[in-house]
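1. sequence-free structure coming up:
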Ligand code: HEC
Ligand code: HEC
C-alpha cells in the first residue's frame, strides 16, 4: 500500500519540469482546457502529454483512464476532438504505426508475437505477460517518461511483485524501461502533413472466405475536417455491397472509419501514405469478417494495379482478371510475360478490367512479370503444380460471447497453395472441424459448433455453465480444423487447431 501511495505521489510531482520548444497545444485548444489542470504547462509544454507519442487507439486508452480514474469530465464528442488534436503532434509515424497495426481493430488478430533476440526475450519475460508486446511498441517516450512506467504499474496493479514472483520485477522492469528508452525514444513531436482525402477512389481488396473485389468510393470533407465516405464493392463472384459512413484522419496518416455495408456496421483502420489508402475494415459479431483493401486515386495515370489469380500452373488454362486505372483496349499481343514461357490466348477489356486467357507452357517454378501495352508490370508466379496446401492460422483462437460489451470473436482460416517452399497464393479449400482428442471422453466438438465451408468459424455459445455438459463447463474447447482441396485430379489436405476460449474481459489491456 505504502509503495502505491509513494508511486502516485512521485507521478504527480513529476508532472512538473520539461524542456522548451514549440507549442503543440494553443491556449484555446481543448487539450489545454481539459488536461492542463493536472498536467502542468511549463514554457509552453504540457507535462506527460508532450513526453509521449502513441497510436490513436492507445491515446484513447489514456484519455479514457483520465476520465475513469482521475475524474476528468468528458462531454459528448470531446473524446473524438481530443484524440484528433493530440494526434496532430503526439502520434507515431506511419512506419512506427505499421509495426503494431494488428492491434488497430478489435478483430481478434491471430498474430503471434515472438521475441527476435535475447534482449527482446528478456522484455517478453518481464513485460509481455499481462498485455501484448504490441501495446508497449505502440508508445514512444522520453527517457524519464519510460522510467515512470514502473511506478505506473505499481499504482495500477499493487499485486505485481506477487504476480511476477519468479523475478525481482522492480529491478528487471527498471532494466527493460532503460532499454526501451533507447530502442523506442520519443524523438520529436510529429508534424502532421496537410492531407486532403476528398475525391474519387478505386478500391481493390480481398475478403478471406469470400474472394477478391473491386470498388469505388467517393470521399467528401466536412467543415470539421472529417470525412464522409460512400461507395460500392463488387466481388468477383458477382455479389456487391454498398457502403457509407464517416472517416477521421489522425495526424495526417491514420485513417479510422465507421461505415455501414449493406446495413452491417463495420470499423476500419487504414494508413494514408504516398497518396494511397491501405488497410482493413472489420464486421464485428455475428459476422466477424475482416476485409483488406487498397484505395487508389481514380484520376491517376493509366496503370495496372493487380492481377488475380496471382499464379499459373503448367498444363492449365487460366482466366486472369487485371484491375487498374484507365486500362486501355487490348488484344492478346498487347500482353507480354517477361520471364517464363506463357502463351496469351485471348485478351480484351471488359468494363474497367482486362480479362485474359493464358497458359503456362514452361517447366519449373519461376517469377514472371506481366506487362500490358507499355504500362507498368505486375508479378505473376509460375509453377508445375501445387505440392501441398497449408492452413493459417496454425492455431486459431476464438472467444465465446460474454454479454453485450464482450461479443463473441471468430477466426477466419485460410488455405494457401505451395510449390515446394514457394508460396503460390490462396485457394478455395473446403473446411470442417474434427475432434482433437486430448483426454478420455473428449467432447469439445459437440459444444463448439461448426465451421463454414469457407473456413469462417464463429462461436455460437454464451459464456456460462452448460448444465448438460460433463463438469458443467462452458462451450469452449480445442478441436482440429481440416481443409481439403482438389485440383487437376489431385487431392490436397491440411490441418490446423482451433481453441475456443472464454471472453477477454479487459479489452483495454490488449
Ligand atoms: C484530474 C486530473 C487529470 C486530468 C484532468 C488529466 N490527467 Fe492525465 N494523469 C493524471 C494522473 C493522476 C496521472 C498518473 C496516473 C495514470 O497514468 O493514470 C496521469 C497520467 C497521464 C499520462 C501518462 C501515462 C503514462 O503512460 O505514463 C498521460 C499521457 C496523460 N495523463 C494524458 C492526459 C491527457 C491527454 C489529458 C487531457 C485529455 C489528461 N491526462 C488529463 C491526472 C489527470
Ligand atoms: C502484471 C501485469 C503487467 C506486467 C507484468 C506489465 N504490465 Fe504494462 N500494463 C498492465 C496493465 C493492467 C496496463 C493497463 C492499465 C490501464 O490502462 O488500465 C498496462 C499498461 C501498460 C502501458 C500503457 C501505459 C498507459 O499510459 O496506458 C505500457 C506502455 C506498458 N504497460 C508497458 C509495460 C512494460 C514496459 C512492462 C515491463 C517492464 C509491463 N508493461 C509489464 C499490466 C502489466
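-> Received the coordinates, thanks. Bear in mind that the values here come from a model prediction, so they are computed numbers and not experimental data. Ligands and ions are numbered 1, 2, ... in the order given.
2. Now the residue of the stretch 151-300 of the chain found nearest ligand 2. Nearest residue, chain neighbours left out?
-> Of all residues in the stretch 151-300 of the chain, residue 173 sits closest to ligand 2, at 3.8 Å by CB to the nearest ligand atom. The C-beta positions use only the backbone N, C-alpha and C, and glycine is treated the same way. In space, and not counting its chain neighbours, residue 173 is closest to residue 150: 4.7 Å by CB to CB, 6 or more residues apart in numbering.
3. End to end on stretch 329-336, go ahead and measure it.
-> 15 Å (CA to CA, to the nearest Å).
4. Show me which residues of the chain sit near ligand 1.
-> 11-12, 31, 34-35, 37-39, 48-49, 52, 62-63, 65-66, 69-72, 82, 86, 148-149, 152 (CB under 6 Å from any ligand atom).
5. could you flag which of these are buried?
-> 31, 34-35, 39, 48-49, 52, 62-63, 66, 72, 82, 86, 148-149 (16 or more other CB atoms under 10 Å).
6. Now narrow these to whatever sits close to ligand 2.
-> Among those, ligand 2 is touched by 62, 149 when using CB under 6 Å from any ligand atom.
7. Mind listing what's buried along stretch 273-288?
-> 273, 277-284, 288.
8. swap in stretch 257-269?
-> 257, 259, 261, 266-269.
9. So which of the residues you listed sit within strands?
-> Among these, the residues falling in strands (DSSP state E) are 257, 259, 261, 266-269.
10. how close does the closest residue to ligand 2 within the stretch 301-450 of the chain sit to ligand 1?
-> Per CB to the nearest ligand atom, residue 405 is where the stretch 301-450 of the chain lies closest to ligand 2, at 15.8 Å. Look at residue 405 and ligand 1: by CB to the nearest ligand atom, to the nearest Å, they are 22 Å apart.
11. Do you know the pLDDT at that residue?
-> Note for residue 405: predicted pLDDT of 90.
12. wait, what's in contact with residue 463?
-> Residue 463 is in contact with 400-403, 406, 474, 502-503, counting by CB atoms under 8 Å, 6 or more residues apart in numbering.
13. Now rank the residues you listed by neighbours and give me the top one.
-> Highest neighbour count within the contacts of residue 463: residue 400, with 24 neighbours (other CB atoms under 10 Å).
14. What's the local residue count around the closest residue to it other than its chain neighbours?
-> Nearest non-adjacent residue to residue 400, counting by CB to CB, 6+ apart: residue 459, 4.6 Å away. Using other CB under 10 Å, residue 459 has 26 other residues around it.
15. shift numbering so it begins at 6
-> All right, first residue 6 from here; so that's residue 464.
16. Touching, residue 464 and residue 413? I think so.
-> Yes. Taking contacts as CB atoms under 8 Å, residue 464 lies within contact range of residue 413: 4.9 Å.
17. Which neighbours do those two have in common?
-> By CB under 8 Å, 6+ apart, residue 464 and residue 413 have these common neighbours: 403-406.
18. What is the nearest of those residues to ligand 1?
-> Distances from ligand 1 to the shared contacts of residue 464 and residue 413, taken by CB to the nearest ligand atom, are shortest for residue 404, at 27.0 Å.
19. for the closest residue to the closest one other than its chain neighbours, what are its contacts?
-> In this structure, residue 404 finds its nearest non-sequential neighbour in residue 414, 4.2 Å apart by CB to CB, 6+ apart. The contact partners of residue 414, taken as CB under 8 Å, 6+ apart, are 112-113, 290, 293, 403-404, 464, 509.
20. Residue 303: which of these is nearest?
-> residue 112 (27.7 Å; CB to CB).
21. Let me know the secondary structure of that closest one.
-> At residue 112 the chain is in coil, as set by DSSP: H, G, I helix; E, B strand; the rest coil.
22. Look at it and say how many residues are nearby.
-> Other residues within reach of residue 112, judged by other CB under 10 Å, total 21.
23. Which of the helices or strands spans the closest residue to it other than its chain neighbours?
-> Computed as CB to CB, 6+ apart, the closest residue to residue 112 that is not its neighbour in sequence is residue 287, at 4.2 Å. For residue 287, the element it lies in under DSSP states H and E is strand 281-288.
24. In the stretch 206-355 of the chain, where is pLDDT below threshold?
-> For the stretch 206-355 of the chain, not a single residue meets the criterion pLDDT under 70.
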